[in-house]
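1. what's the 3D shape of this:
(one chain, ligands or ions: 1)
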Amino acid sequence: MTTGMTKIGVIGAGQMGCGIAHVAALAGYDVTLYDLSRDRTEAALATINGNLARQVASEKIAEDDRKAALSRITGSTGLGDLAPMDLVIEAATEDETVKRKIYAELCPVLNPAAILATNTSSLSITRLAAATDRPERFMGIHFMNPVPVMKLVELVRGIATEERTFETAKAFVASLDKVVTVAEDFPAFIVNRILLPMINEAIYTLYEGVGTVDGIDTAMKLGANHPMGPLQLADFIGLDTCLSIMQVLHDGLADSKYRPCPLLVKYVEAGWLGRKAGRGFYDYR
Ligand code: CAA
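-> This next block holds a predicted model:
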């Protein structure tokens, strides 16, 4: 393998972690997928299997590829299992306290030469790097959802990231057959800096009664050729994640144009977090 890496650790078996484990295993890496409980890692393997099966059904991959990829993924509930990894990608909840706690537990056991990356969609890479023992081997590798389908990966260096780390991450992304775009370490990088204010504006459009949920989504699907309407996309990303990205933009750029829509706040407070919770702007129950 051109990256010189064979073992990849993924922390967090949510939708992003599942997607990252899926594409890394398909590309031939041995993947250890960590989460807090066996229930979660087992559910993740079932999800990944289902998504691999979709790719078999549409002839994107062969049945043998599905089996081989699945056999390369091992679930784990102990961060110590990640010790021998060449690269660990943290895709835990978008909460800095949670991420710091994971780094504090992982760093003392992780192979000192390993690269530690975060899939954060908005937090400062430099600040997260400073919470590890290896800021020079730390960076942002930000995948898009759904990972098996979306071609783009944003790469973000922190202030201390070494060139060798960046080049290895770039080669890793290329080995997954994805395309890199490089973003500087500013709140929410490129994709979410542009996408989330659009989604937030769609929620304001609903809040102010300019259109209905269906009306707004149909408008953007048929009027701007977006594959999903912005409210459907918000549900798909998760409304808690959408809110946390808007808060990072609002706090980090100190501009009222990033003010999270009160309706978004209210939905999150209600636990209506979108598709994963069964309810968001749409009802999935
Ligand atoms: N795994 C594998 N394959 C998948 C998949 C998954 N999780 N989800 C969808 N697919 C495949 C389907 O099998 C299907 O394959 P074929 O065309 O080969 O049959 C294809 O993708 C299209 O899926 P569907 O037919 O089910 O539905 P669709 O045509 O409506 O497409 C979509 C679904 C790809 C999600 C499309 O609606 C889309 O591109 N939406 C926008 C997604 C987007 O904007 N993502 C970025 C979110 S922002 C982000 O991720 C950054 C962040 O930090 C928040």
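
2. residue ranges of the strands in the stretch 151-285 of the chain, please?
-> Using DSSP state E, counting those that start in this stretch, the strands of the stretch 151-285 of the chain run over 152-157, 179-183.

3. end to end on stretch 133-142, go ahead and measure it.
-> End-to-end distance of stretch 133-142 (CA to CA, to the nearest Å): 21 Å.

4. pLDDT (mean, whole number) over that stretch?
-> The average pLDDT for stretch 133-142 rounds to 98.

5. can you list contacts of that stretch?
-> With CB atoms under 8 Å, 6 or more residues apart in numbering as the test, stretch 133-142 has contacts from 89, 107-108, 112-121, 125-126, 128-129, 132, 153-162, 165-166, 169, 172-173, 183, 185, 189, 191. (C-beta placed from N, C-alpha, C; glycine too.)

6. tell me what the lengthiest helix in the chain is packed against?
-> In the chain, with assignment by DSSP state H, the single longest helix is helix 38-57. Contacts defined by 3 or more CB pairs under 8 Å, 6 or more residues apart in numbering; DSSP states H and E place helix 38-57 against helix 15-26, strand 30-34, helix 63-71, strand 73-76.

7. what's the burial count for residue 55?
-> Neighbour count of residue 55, defined by other CB atoms under 10 Å: 18.

8. thinking again about what came up before, indicate which one of the strands of the stretch 151-285 of the chain is closest to residue 69.
-> Smallest distance to residue 69 across the strands of the stretch 151-285 of the chain (CB to CB): 18.5 Å, for strand 152-157.

9. picking that back up, can I get the strands of the stretch 151-285 of the chain in TSV with mean pLDDT and distance to residue 284?
-> Below are the strands of the stretch 151-285 of the chain laid out as TSV (pLDDT from 0 to 100; distance: least, CB to CB, whole Å):
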stretch	mean pLDDT	distance to residue 284
strand 152-157	98	26
strand 179-183	98	31
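
10. would CSV of these with distance to the ligand and mean neighbour count be doable?
-> Output for the strands of the stretch 151-285 of the chain, formatted as CSV (distance: least, CB to the nearest ligand atom, whole Å; neighbours: other CB atoms under 10 Å):
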stretch, distance to the ligand, mean neighbour count
strand 152-157, 8, 21
strand 179-183, 12, 14
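
11. show me the contacts for the nearest residue to residue 48 once chain neighbours are set aside.
-> Excluding its sequence neighbours, the residue lying closest to residue 48 (CB to CB, 6 or more residues apart in numbering) is residue 22, at 4.8 Å. For residue 22, the contact set (CB under 8 Å, 6+ apart) comprises 48, 51-52, 69, 147-148.

12. what ranges of the chain fall below the confidence cut-off?
-> 1 (pLDDT under 70).

13. pop the domain breakdown of it in here.
-> Following the assignment in automatic domain parsing, the chain carries domains at 7-183, 191-275.

14. just send the ones you listed back as JSON lines, with distance to residue 282 too.
-> Formatted as JSON lines, those follow (distance: least, CB to CB, whole Å):
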{"stretch": "domain 7-183", "distance to residue 282": "17"}
{"stretch": "domain 191-275", "distance to residue 282": "6"}
